[in-house]
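S.K.: here are the coordinates; sequence isn't available:
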């Protein structure tokens, strides 16, 4: 549930629609894994980065966090801080698993790029070529043609339930946003429900954050004739060796307890947890979804991973899809692909993530792509500098909308 409009400032943010670093002249960091014997105090850049994380957790802004920075395929910093279970006093561990929420979209876009590279689908395919039953109409009942390009750029005319009030059309149709548990719901059934709701605008005429990534996941599953988790494994997590990434927690003992900062205090999430967004809108979390191997695979909100795995993915993105996609295909994903729709002077939107054209509120290079996740996560990939990073926390929304990643990025870039 990132906010697009604040991405250039943070980049990533809160409620309606956006989401480091290098082989520097600094000593290698101490690996702060599972709080065994005290590690030596880190020095230089590593000490600065660890200090930022520790300050955020000791102040109570974040319960726990893991940060991994990479450049050109090499890890240059990794650190953990705080607690993965506050009530039990369990320290955060480097290999902790986190609910990704919209960080899942980066994996969906990577899988789409991989499938495009193999020639199975193309940007201008109508969705109905792969999902014949997915044909939502305009509000007046007239037909509309949604392409895969529209899905990846969020110009499809679809919406998100959390941006409606409880009586909105997506709610009435029983459409899931992908982060709720939805007992017995399948991907196919959610697509059927979504297709029954009229579009908000004609495809290709405006920009709106939406369930498009979930439709993209369904398209890839249909095109491959395999379940989406299998497709993801064959196209992305297998080639990049990401053993911690799936649509549920493979090792529940490593899954960080999620916390919410609504109501003026940080508290352990209930299940479900209703997070008020204002204006009668609510985001519904279902933390137990991550423990259910039978939960329908949401390409926009449903994945679980580790900071290590996410950092490897976004590092590969920064290197034009190395290891999973054709660099020529990635050129489009790493461009201002939605322009001129919802494209400002310093920010646009690429193939599933925010595209920073001229960042003025941070150290990122023009062409950096980034996004975030409503469970408290952020990532970025900077192709120009080769710097990329993943910050995964168990604190919503502070890990996403706070300034932790900004401080980490400033330290990384200033040390070059």
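M.R.: Nice, thanks for sending it over. On a predicted model such as this, the values are computed, not experimentally measured, just so you know.
S.K.: Low-confidence ranges, this structure, go.
M.R.: 1-42, 343 (pLDDT under 70).
S.K.: Show the residue spans covered by the strands in the stretch 151-300 of the chain.
M.R.: Counting by DSSP state E, counting those that start in this stretch, the stretch 151-300 of the chain has strands at residues 259-260, 267-268, 273-278, 281-285.
S.K.: between the ones you listed, which one is nearest to residue 402?
M.R.: Nearest to residue 402, of all these, is strand 259-260, at 13.2 Å by CB to CB. In this view, the C-beta of every residue, glycine as well, is placed from N, C-alpha and C.
S.K.: May I ask you to confirm that residue 357 is in contact with residue 350?
M.R.: No. Residue 357 sits out of contact with residue 350 when judged by CB atoms under 8 Å, with a separation of 10.3 Å.
S.K.: Which neighbours do the two have in common?
M.R.: residue 336 (CB atoms under 8 Å, 6 or more residues apart in numbering).
S.K.: Between these two, which is the more surrounded one?
M.R.: Taking other CB atoms under 10 Å, residue 357 and residue 350 do not tie; residue 350 has more neighbours (24 against 16).
S.K.: re the thing from before, need the strands of the stretch 151-300 of the chain in CSV (columns: mean neighbour count and distance to residue 292).
M.R.: Shown next, in CSV, are these (neighbours: other CB atoms under 10 Å; distance: least, CB to CB, whole Å):
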stretch, mean neighbour count, distance to residue 292
strand 259-260, 25, 20
strand 267-268, 14, 19
strand 273-278, 15, 16
strand 281-285, 20, 14
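S.K.: Let's have those in CSV, adding distance to residue 244.
M.R.: Below are the strands of the stretch 151-300 of the chain laid out as CSV (distance: least, CB to CB, whole Å):
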stretch, distance to residue 244
strand 259-260, 21
strand 267-268, 23
strand 273-278, 24
strand 281-285, 21
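S.K.: Residue 216: which of those strands is closest?
M.R.: strand 281-285 (21.2 Å).
S.K.: List the strands paired with that closest one, with their directions.
M.R.: Partners of strand 281-285 in the sheet, by DSSP bridges, are strand 273-278 (antiparallel).
S.K.: how distant is the strand it pairs with from the center of its chain?
M.R.: 19 Å (CA atoms, centre = their mean, to the nearest Å).
S.K.: Going forward, the N-terminal residue is numbered 144.
M.R.: Got it, first residue is 144 now, which makes that one strand 416-421.
S.K.: Helices along the stretch 344-493 of the chain, start to end?
M.R.: 355-367, 371-375, 450-461, 470-476 (DSSP state H, counting those that start in this stretch).
S.K.: Out of the strands of the stretch 294-443 of the chain, which gets nearest to residue 489?
M.R.: For these, the distance to residue 489 is smallest for strand 416-421, at 25.2 Å, taking CB to CB.
S.K.: Do I have it right that residue 398 meets residue 392?
M.R.: Yes. Counting by CB under 8 Å, residue 398 does reach residue 392; the two are 4.3 Å apart.
S.K.: what residues are shared contacts of those two?
M.R.: Here residue 398 and residue 392 have 240, 433, 434, 447 as joint contacts, going by CB under 8 Å, 6+ apart.
S.K.: returning to that earlier point: quick one, which of the strands of the stretch 294-443 of the chain is nearest to residue 304?
M.R.: Across the strands of the stretch 294-443 of the chain, closest to residue 304 is strand 424-428 (CB to CB), at 8.3 Å.
S.K.: Report the beta-bridge partners for residue 269.
M.R.: Counting by DSSP bridges, the residues bridging with residue 269 are residue 290.
S.K.: For it, give me its contacts.
M.R.: 288, 289, 290.
S.K.: Of those residues, which is the most crowded?
M.R.: Result: residue 289 is most packed of these (other CB under 10 Å), 25 neighbours.
S.K.: so where does residue 260 fall, helix or strand?
M.R.: Residue 260 is part of helix 247-261 when elements are defined by DSSP states H and E.
S.K.: what's the spacing between that helix and its chain's center?
M.R.: 13 Å.
S.K.: helices or strands up against that helix?
M.R.: Contact here means 3 or more CB pairs under 8 Å, 6 or more residues apart in numbering; DSSP states H and E; on that basis helix 247-261 packs against helix 291-295, helix 355-367, helix 371-375, helix 450-461, helix 470-476, strand 511-516.
S.K.: what comes into contact with the third one?
M.R.: Looking back up the chat, that one is helix 371-375. 250, 254, 258, 330, 360-361, 363-364, 367, 388-390, 440, 442.
S.K.: Columns distance to residue 530 on top of those, output as CSV?
M.R.: CSV is the format used below for the contacts of helix 371-375 (distance: CB to CB, whole Å):
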residue, distance to residue 530
250, 20
254, 24
258, 27
330, 35
360, 29
361, 34
363, 29
364, 33
367, 33
388, 22
389, 27
390, 29
440, 31
442, 27
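S.K.: buried stuff in the helix holding residue 260?
M.R.: Residues of helix 247-261 classed as buried by neighbour count (16 or more other CB atoms under 10 Å): 247-260.
S.K.: Likewise for stretch 232-239?
M.R.: Those would be 233, 234, 235, 236, 237, 239, for stretch 232-239 by 16+ other CB under 10 Å.
S.K.: Please report the distance of residue 470 from residue 491.
M.R.: 20 Å (CB to CB, to the nearest Å).
S.K.: So if I had to pick from these two, which one is more boxed in?
M.R.: Per other CB under 10 Å, whichever of residue 470 and residue 491 has more neighbours is residue 491, with 24 against 13.
S.K.: nearest spatial neighbour of the more buried one, skipping sequence neighbours?
M.R.: In space, and not counting its chain neighbours, residue 491 is closest to residue 479: 3.5 Å by CB to CB, 6 or more residues apart in numbering.
S.K.: what do you get for residue 224?
M.R.: residue 196 (3.9 Å).
S.K.: Can you list the neighbours in contact with stretch 305-315?
M.R.: Counting by CB under 8 Å, 6+ apart, 144, 159-160, 302-304, 320, 337, 340-341, 352, 420, 422-427 sit against stretch 305-315.
S.K.: Buried residues of that stretch, list them for me.
M.R.: 305, 306, 307, 311, 313.
S.K.: same deal with stretch 454-469?
M.R.: In stretch 454-469, counting by 16+ other CB under 10 Å, buried: 454-464, 466-468.
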